[in-house]
Structure formats: C-alpha cells, structure tokens
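S.K.: take a look and give me a structure for this.
(chains A and B)
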Amino acid sequence: MDFDLFYLFRYFLCVVCTIYAAARTGQTLLRWQQWLWADGRSQALVRRYLMAQLVRVRLRRFGFDVLQIIVLLAVFWQVILLHERI
Amino acid sequence: MNGSENSQPDDKASTGLADLPNDELVRYGTELGLKLRENAPRGELLRVIRQRQELLVELDRQAMLDVCVWARRPVRQSASKEQLAREIALIGKMDFAGLSRPGLITLAKLRGVETSRDEPDEQIKSRLRRAESISDMLRRKRRAVEAAVVAKLVPGGSPDEPKEYRFLPENHAHPDLKEQIAQDGLVGGIASKLRGVADDYVARKLDEIEHRIDRKLDEIDGRLQEWRDREIANRLRIIKITLVASILVLLLSLGYKYMDRLVGSAPAAQGRQGAASVATRD
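M.R.: Numbers count the residues shown, from 1 in each chain, chains lettered A, B, ... in the order given. Alright, predicted model coming up:
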C-alpha cells in the first residue's frame, strides 16, 4: 500500500478546517439567535432595528468585493478541476 | 418624530449664525440649497450663508411660491422666504413647463445660475440644464424610469390630469383677542389668550426639542450604518483571504501531484524499457 504524507496532510487539513469552521459558525449563529429571540421589549426593538439595517444595506457599495470573491471562487473551482485532469 | 413646519427656527440670525458649530452651519446652508463641503473653512461657510440670506431678502416671495406650486411642494401660502427656499432646495425637477418667468429667474438664482432681466426663457432653461451635475442628472433619469415602471404596475399610479395645486391649510389654532373677549368676557378672554400664547410657546419649544432629538437619532443611525458597513467589508475581506489561502494550498497540491506523477512515471518507464531489452535478448 502506498503511503503519501502530503495526501494525509491535505486530508487532515480539510477535515479539521471544515469541522472548525462549521462549529464556530454554528456557535455564533446560535448565540445571536438566543440573544435576539429572547423575550423582552429591548430585544424585540433590536431585532426589528437589525432587520431594518439589513434591508437598508446598499449592495452596490460592496459590488467590487463580491466580484472579487466570485472571480476567486471561479479560480478555486478551475484548480480543483485541474487536479482531476493531472 | 416630526416637527411641524412652524417648529423650524425661521431665521438663524435670531440664534446667532456665528455661534453655530461648523456641522450645524453646513446643515443649515445645505437646507437653503447651498453645496457646502464639510471641511470648508468657517469664514467661508459664514460668508456663503450670509450671501444666501441676502439673496433671499432680494427675492420676490410670490415668485418663490410660483416655484413651489410648479413643483407641487406642500407649503402654506403664508410661508416665509426661508421655508420656501428650503422647499425649493429639494426640487430636482428639470422640466420647466408651467413655471412663470419670475419663478424661473428665482429658481435660477437659487441654483446659482446668473441671469439678466432681458434674457429669454429658453436661454435660462438651457443654462439651468447645463448647470445640473452629471450625478444629479443620472439620479433624476433613474428615478424617472423607476417612477414610470411603478406607475405602470400600480393601478391609478399616473392619473390622466393632475389635480389642481392647493396650499397647506393655515395654522389658526387660536382666535384673536377680540373674538376671545366677545366669547368669554374680559378676564376670561385675556386669560384664554394668555393660555393660548403660553401653549404656543411650550409647543414650539417642545417641537424644537423634538427636532434636536431627531437629529441626534439620525446621527446615531448614521454611525450604526457606518459600523454595519465596516463589519460587512471586514467579513468580505476575511472570505477573500480564506479563498486566496485555499487557492494557494490547492496550487501547492497541484504542483506536488504533478511532480509525483513525473517521478512515479520515470521508474515505470525504466521498468518497461528493461523488460523490452530482456525480451529482445531472448
């Protein structure tokens, strides 16, 4: 059986990063959800204000950043496809 | 919270223009239709605002009312020149059909376009159009398109004939002293009048306080919006950095895979060559 150290490194990196990112994101979302959806007038006020702020976000202002992310994702996908061809 | 029209201080001279901080000066000047920079020197701000106040003194109130009626801005017939100037500053309309000549000249002066008495209307209109900035023009065109689309979607969004313009009702909350005394007697009438005046004063002061609170809330809202935008920009930057790092690791991996294939294919080729030479000898 072939033992490839780099393959092992990639595999563990992928697993660890995915689990870490998922856990952190989940924790953050849960914390926000618990805080915002708690009973109370102030929380309801903040909740509504936050919603209003989200609706009022001007997406055009972040258009260039979003475009960069789209380009980076396209490059990312192309490099993954190249892995399959080699 | 919305202060009534009368709650606005009618003349900043009474509160002392020179006593106002720079941001208040810029806000006041902008309300009067001036284009001021936030970081303009104080002397410059005062000079420009005083010039505008002098211009308001020179302008004809009826001509200013004509402009408001033409643009269908909600004003009282008894509105002061400063209140009318505030309304005119909000007008972005560039279709001058229906605007009287005095109104056209007044509008031109308030928009900073110099005119002469014998200049034809068309020339003034074309100069007004030329004075409009490109961003204002684009915004106006965009809004016109949006309005046309919404008017098509909403039933009754564009009535065939616009209704006749009507001024806002005048504020006659309290009858005059003569009527009051005739109604309630001498002492009662004077007492009612005094109470009315005191009520008016308190209402005006409350409106002023409300106006200040509104401004503070707007400031807080503006700061929160800045904070929100900064946070979103930071999150997007983090996503970009993560993507760049992932692509670099992928490229490294690709290079490794390519090298591995090259190195792996060399012994196999050697093996195949050796097997071929053995077969030839046999």
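S.K.: give me the neighbour count for residue 48.
M.R.: No chain was given, so I picked chain A. Using other Cβ atoms under 10 Å in any protein chain shown as the criterion, A:R48 is surrounded by 10 other residues. C-beta here means a position set from N, CA and C on the backbone, and glycine is covered the same way.
S.K.: hmm, no, I was thinking of chain B.
M.R.: So B:V48, with other Cβ under 10 Å, has 17 neighbours.
S.K.: who's in contact with it?
M.R.: B:29, B:34, B:36 (Cβ atoms under 8 Å, 6 or more residues apart in numbering or on different chains).
S.K.: which ones among those lie within helices?
M.R.: Taking DSSP state H, the ones among the contacts of B:V48 that sit in helices are B:G29.
S.K.: could you dump the contacts of B:V48 to JSON lines with pLDDT and distance to A:R61?
M.R.: Putting those into JSON lines (pLDDT from 0 to 100; distance: Cβ to Cβ, whole Å) gives the following:
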{"residue": "B:G29", "pLDDT": "90", "distance to A:R61": "27"}
{"residue": "B:L34", "pLDDT": "90", "distance to A:R61": "27"}
{"residue": "B:L36", "pLDDT": "88", "distance to A:R61": "24"}
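S.K.: going by distance to chain A, which of the contacts of B:V48 wins?
M.R.: The closest of the contacts of B:V48 to chain A turns out to be B:L36 (Cβ to the nearest Cβ; 23.8 Å).
S.K.: what's the neighbour count on that closest one?
M.R.: If we define neighbours as other Cβ under 10 Å, then B:L36 has 18 of them.
S.K.: that one contacts B:T30, doesn't it?
M.R.: Yes. Using Cβ atoms under 8 Å, B:L36 is in contact with B:T30, at 6.0 Å.
S.K.: closest to A:I70 out of the contacts of B:V48?
M.R.: Nearest to A:I70 among those is B:L36, at 39.2 Å by Cβ to Cβ.
S.K.: residue contacts, the closest one?
M.R.: Counted by Cβ under 8 Å, 6+ apart, B:L36 has contacts B:25-26, B:29-30, B:45, B:48.
S.K.: which of those residues count as buried?
M.R.: B:25-26, B:29, B:45, B:48 (16 or more other Cβ atoms under 10 Å in any protein chain shown).
S.K.: quick check: the farthest pair among these?
M.R.: Among the buried ones among the contacts of B:L36, B:V26 and B:V48 lie farthest apart (Cβ to Cβ), at 10.2 Å.
S.K.: as JSON lines, the contacts of B:V48 with distance to A:F12 would be great.
M.R.: Formatted as JSON lines, the contacts of B:V48 follow (distance: Cβ to Cβ, whole Å):
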{"residue": "B:G29", "distance to A:F12": "64"}
{"residue": "B:L34", "distance to A:F12": "65"}
{"residue": "B:L36", "distance to A:F12": "61"}
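S.K.: and the helix or strand of chain A with the lowest mean pLDDT, what does it pack onto?
M.R.: None of the helices or strands of chain A scores lower by mean pLDDT, DSSP states H and E than helix A:41-55, at a mean of 84. The contact analysis (3 or more Cβ pairs under 8 Å, 6 or more residues apart in numbering or on different chains; DSSP states H and E) places helix A:41-55 against helix A:5-36, helix B:186-281.
S.K.: just name the most buried of those.
M.R.: helix B:186-281 (a mean of 12; mean count of other Cβ atoms under 10 Å in any protein chain shown).
S.K.: lovely, talk soon.
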